[in-house]
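Chemist: The amino acid sequence is not available; the structure is as follows:
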């Protein structure tokens, strides 16, 4: 099992776990890591997504104060990335019009 930072994402905010999801979930050797990841995902402190899905928000280069309308927001992983760029932790309110 390898854990590596994705160097092209600023501030070391993205990591890759080289393991199949099912293998990570079922392996006794990785039970503690799996439990930690699930707990953080449920708490909203991490989001799982494919590395390729992290590219579009980088090209938008959103900054705090920008307004973004994401019309293709399912399941929302790219939207989460945009929110981090536009609303750094503790900086404001978010609204969901759905």
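Modeler: Nice, I can see it. Everything quoted here is computed from the prediction, not taken from an experiment. Numbering: from 1, shown residues only.
Chemist: List the contacts of the residue lying farthest from the centre of the chain.
Modeler: The centre of the chain is farthest from one residue, residue 28, which by Cα atoms, centre = their mean lies 25.4 Å away. With contact set as Cβ atoms under 8 Å, 6 or more residues apart in numbering, residue 28 has no partners. No exception for glycine: its C-beta is placed from N, CA and C like everyone else's.
Chemist: now it: how far from residue 40?
Modeler: As defined by Cβ to Cβ, to the nearest Å, residue 28 lies at a distance of 20 Å from residue 40.
Chemist: again, but for residue 61
Modeler: Here residue 61 is placed at a distance of 27 Å from residue 40 (Cβ to Cβ).
Chemist: Could you do residue 30 as well?
Modeler: Taken as Cβ to Cβ, the span from residue 30 to residue 40 is 15 Å.
Chemist: go on, residue 23?
Modeler: For residue 23, the distance to residue 40 - Cβ to Cβ - is 19 Å.
Chemist: Check residue 8 too.
Modeler: Distance from residue 8 to residue 40, by Cβ to Cβ: 22 Å.
Chemist: Between the two, tell me which one has more neighbours.
Modeler: residue 40 (13 against 10; other Cβ atoms under 10 Å).
Chemist: List phi and psi for that one.
Modeler: Main-chain dihedrals, residue 40, degrees, to the nearest 10: phi -70, psi -40.
Chemist: Identify the residue spatially nearest to it, adjacent ones excluded.
Modeler: Leaving out its chain neighbours, the residue that sits closest to residue 40 by Cβ to Cβ, 6 or more residues apart in numbering is residue 46, at 4.4 Å.
Chemist: Cross-check the contact I'm expecting between the one you found and residue 38.
Modeler: No. Using Cβ atoms under 8 Å, residue 46 makes no contact with residue 38, being 9.8 Å away.
Chemist: helices or strands up against the host helix or strand of residue 31?
Modeler: Using DSSP states H and E, residue 31 sits within helix 31-43. With contacts taken as 3 or more Cβ pairs under 8 Å, 6 or more residues apart in numbering; DSSP states H and E, helix 31-43 sits against helix 21-26.
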